[in-house]
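> Need coordinates for the below:
(one chain, ligands or ions: 1)
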Amino acid sequence: MNQVIENIRARRSVRSFDGRPIPKDVVDALMDSANLAPTGANSQPWRFVVVQDPGFIKKLSGLCEPRYRKWMENAPQQLKDMRKEIDAKVSDPIYYGASAVVFVVGKGMTSDFDCPMACQNIMLAARSLGIGSCWVFFGQMAVGEDEVKKALELQEGEKVYGPIALGYPKEGFPEGPPKRPASVKII
Ligand SMILES: Cc1cc2nc3c(=O)[nH]c(=O)nc-3n(C[C@H](O)[C@H](O)[C@H](O)COP(=O)(O)O)c2cc1C
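Have a look, this model is predicted:
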């Protein structure tokens with residue numbers, strides 16, 4: 001095994017953070033890693049908004065939480081069960097006390113393919129630096145709010161990917177859910 005594969009294997013969604021801020025040089029390294037992901041025709045159709053203001057992260061969580069609860073009412077049972085377990089352990093069911101939340105903002109023909117790769121680069125680079133991450137779909141639930149649009153400077157046609165919650169894990173890196181073996185056909 002090499003370090004890249006070890007790192008891929010060791011990444012797990014982290015939902016418990018100790019509140020330590022992420023130093024600027026580390027944030028820079030994560031954003032640089034994001035920016036190096038492959039993109040259609042090298043278009044780099046993205047920009048990154050890193051929210052580190054704890055008050056604003058709290059505000060974002062507060063905006064999302066009621067929508068999240070409503071959305072969960074019609075969620076598949078498997079997700080309801082999973083979230084029940086998670087919610088029982090956390091006080092913030094959206095960002096889990098993360099020190100930073102990264103909104104990957106993209107626009108353009110290939111951004112639906114490119115931006116998730118930038119997200120993955122952030123998560124893998126974070127893991128390699130001992131930082132936990134979690135892609136938080138529920139964090140999208142606030143991006144329609146004027147205040148959030150303004151803060152993110154969202155322009156017509158731009159979409160948000162992630163957001164990615166980041167922070168130092170409070171209880172180490174969890175084992176994570178079991179994975180089915182890959183279904184592979186070789187021709
Ligand atoms: C598109 C996407 C959306 C996700 N949204 C959430 C979310 O809103 N909240 C959350 O806690 N985890 C979220 N996750 C994390 C998944 O639950 C997690 O990746 C999955 O359970 C597998 O666990 P692992 O990341 O530890 O391998 C999301 C992951 C992806 C890829």
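> Could I get the CA-only coordinates of the longest helix belonging to the chain as CSV?
What stands out as the longest helix in the chain, according to DSSP state H, is helix 54-73. Extracted C-alpha coordinates of helix 54-73, given in CSV (Å, rounded to 0.1, in the frame of the first residue of the first chain):
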residue,chain,number,x,y,z
PRO,A,54,-18.0,30.6,14.4
GLY,A,55,-21.0,33.0,14.7
PHE,A,56,-21.7,32.6,11.0
ILE,A,57,-21.3,28.8,11.0
LYS,A,58,-23.8,28.8,13.9
LYS,A,59,-26.2,31.0,11.9
LEU,A,60,-25.9,28.8,8.9
SER,A,61,-26.7,25.7,11.0
GLY,A,62,-29.7,27.5,12.5
LEU,A,63,-31.1,28.3,9.1
CYS,A,64,-30.7,24.8,7.9
GLU,A,65,-31.9,22.9,10.9
PRO,A,66,-35.7,23.4,10.6
ARG,A,67,-35.5,22.7,6.9
TYR,A,68,-33.5,19.6,7.6
ARG,A,69,-36.1,18.4,10.1
LYS,A,70,-38.9,19.0,7.7
TRP,A,71,-37.0,17.3,4.8
MET,A,72,-36.3,14.2,7.1
GLU,A,73,-40.1,13.7,7.5
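> Report the buried residues of the helix or strand that comes right after that helix.
Past helix 54-73, further along toward the C-terminus, the next helix or strand under DSSP states H and E is helix 77-87. Across helix 77-87, burial judged by 16 or more other Cβ atoms under 10 Å covers residue 83. For every residue, glycine as well, the C-beta is placed using N, CA and C.
> Might you calculate how far helix 77-87 sits from the centre of the chain?
Centroid displacement of helix 77-87 relative to its chain, using Cα atoms, centre = their mean, to the nearest Å, is 19 Å.
> SS state for the most centrally placed residue in the chain?
Nearest to the geometric centre of the chain sits residue 164, at 1.8 Å (Cα atoms, centre = their mean). Of the three states, residue 164 takes strand under DSSP: H, G, I helix; E, B strand; the rest coil.
> Which strand or helix spans the residue nearest to it when sequence neighbours are not counted?
In this structure, residue 164 finds its nearest non-sequential neighbour in residue 102, 4.5 Å apart by Cβ to Cβ, 6 or more residues apart in numbering. Take DSSP H and E as the rule and residue 102 turns out to sit in strand 100-106.
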